[in-house]
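> the sequence isn't on hand, but the structure is:
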């Protein structure tokens, strides 16, 4: 990955020079405080095809880096689930494992739904 240096004007530290990674797609205008400077990348979505709305995008994931954050200045992955949540590598693996487990649950529901539909809403 390549980087470049950019200058971001802030109210609290004046012009701040930061290294911007090549994956950053953020608009850096309006970042009034140095600790609010963040790099964010393009998002990738899980696409689920629905009969009612066609393909629906869910669970957007992307990279986020707040180099001057006083609480966490590591590059993180973020996933949006009603709000954005940050994941380190281990937590991201746990999230992937949970998705795999949930996929198995969806398959169980699909089998049960098939049975319910085949029997007019009644189980066997």
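Great, that's in hand. For clarity, every value in this text was computed on a predicted model and none was experimentally measured.
> rest of the way, CA atoms for contacts and neighbours
OK.
> for the protein, longest strand please?
As assigned by DSSP state E, the longest strand anywhere in the chain is strand 54-65.
> what's the offset of the helix or strand just after that one from the middle of its chain?
On the C-terminal side of strand 54-65, the nearest following helix or strand under DSSP states H and E is strand 76-80. Computed by C-alpha atoms, centre = their mean, to the nearest Å, the separation of strand 76-80 from the middle of its chain amounts to 3 Å.
> in the helix or strand following strand 76-80, which residues are buried?
Downstream of strand 76-80, the first helix or strand assigned by DSSP H and E is strand 84-87. Buried residues in strand 84-87, counted by 16 or more other C-alpha atoms under 10 Å: 86, 87.
> same check on stretch 72-83?
Buried residues in stretch 72-83 (16+ other C-alpha under 10 Å): 75, 76, 77, 78, 79.
> how are the strands of the protein distributed by residue range?
Along the chain, counting by DSSP E, strands occupy 3-10, 14-21, 39-40, 44-50, 54-65, 76-80, 84-87.
> make a markdown table out of the ones you listed and add mean pLDDT.
Converted to a markdown table, these look like this (pLDDT from 0 to 100):
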| stretch | mean pLDDT |
| --- | --- |
| strand 3-10 | 91 |
| strand 14-21 | 93 |
| strand 39-40 | 94 |
| strand 44-50 | 87 |
| strand 54-65 | 90 |
| strand 76-80 | 91 |
| strand 84-87 | 86 |
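> tell me which of those strands lies nearest to residue 108.
Among these, the nearest to residue 108 by C-alpha to C-alpha is strand 44-50 (17.3 Å).
> so what's residue 12 up against?
32, 33, 34 (C-alpha atoms under 8 Å, 6 or more residues apart in numbering).
> burial count for the closest residue in space to residue 47 that isn't next to it in sequence?
With C-alpha to C-alpha, 6 or more residues apart in numbering as the criterion, residue 47 has its nearest non-adjacent residue at 4.6 Å, and that residue is residue 57. Residues lying near residue 57 (other C-alpha atoms under 10 Å) number 12.
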